[in-house]
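**Q** what follows is a predicted structure for the sequence shown.
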Amino acid sequence: MTKEEELVSVGWEKKFVSMEPRLTEMAELYESLGFEVLLEPLPSKEEIADAACCGGQSCTACFDIDRERYRTIFIRLRT
């Protein structure tokens, strides 16, 4: 099971990938709307080898220049 699958199985919903300054802005917005927010590093190339975009290129192509700047935003309702 991938990290994303594990998170989804315990109630997290994947929203999108972002970097600063939008990352903090969106995290604060979701929190103000009553959600818990989890910011996860991008999965490794190996973890998403089956995904494809951009004419068959790995969908990490846009992020490979500086992967550490990006995070995937997951949210779930506070309990």
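**A** Sure, I can see it.
**Q** could you export the host helix or strand of V17 as CSV, CA atoms only?
**A** Assigned by DSSP states H and E, V17 belongs to strand 13-18. Extracted in CSV, the C-alpha atoms of strand 13-18 (Å, rounded to 0.1, in the frame of the first residue of the first chain):
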residue,chain,number,x,y,z
GLU,A,13,-8.5,13.5,1.0
LYS,A,14,-5.8,14.4,-1.5
LYS,A,15,-6.3,17.9,-2.8
PHE,A,16,-3.3,19.1,-4.9
VAL,A,17,0.4,19.8,-5.1
SER,A,18,1.8,23.2,-4.4
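**Q** so what does it touch, helix or strand wise?
**A** Applying 3 or more CB pairs under 8 Å, 6 or more residues apart in numbering; DSSP states H and E, one finds that strand 13-18 contacts helix 3-9, helix 22-32, strand 71-77. Where C-beta positions appear, they are placed from N, C-alpha and C, glycine not excepted.
**Q** wait, which of those is closest to L42?
**A** Relative to L42, the nearest member of these by CB to CB is strand 71-77, separated by 6.4 Å.
**Q** now that closest one: average pLDDT?
**A** Taken as a whole, strand 71-77 carries a mean pLDDT of 96.
**Q** pairing partners for it, with directions?
**A** Note on strand 71-77: by DSSP bridges, its sheet partners are strand 13-18 (antiparallel), strand 35-41 (antiparallel).
**Q** buried stuff in the first one?
**A** Spelled out, that is strand 13-18. S18 (16 or more other CB atoms under 10 Å).
**Q** again, but for the last one
**A** By neighbour count with 16+ other CB under 10 Å, strand 35-41 contains the buried residues F35, V37, L38.
**Q** and for the nearest residue to the last one once chain neighbours are set aside, the neighbour number?
**A** Counting by CB to CB, 6 or more residues apart in numbering, F74 is the residue found nearest to L38 once chain neighbours are left out, at 4.3 Å. As a burial measure, F74 scores 21 neighbours (other CB atoms under 10 Å).
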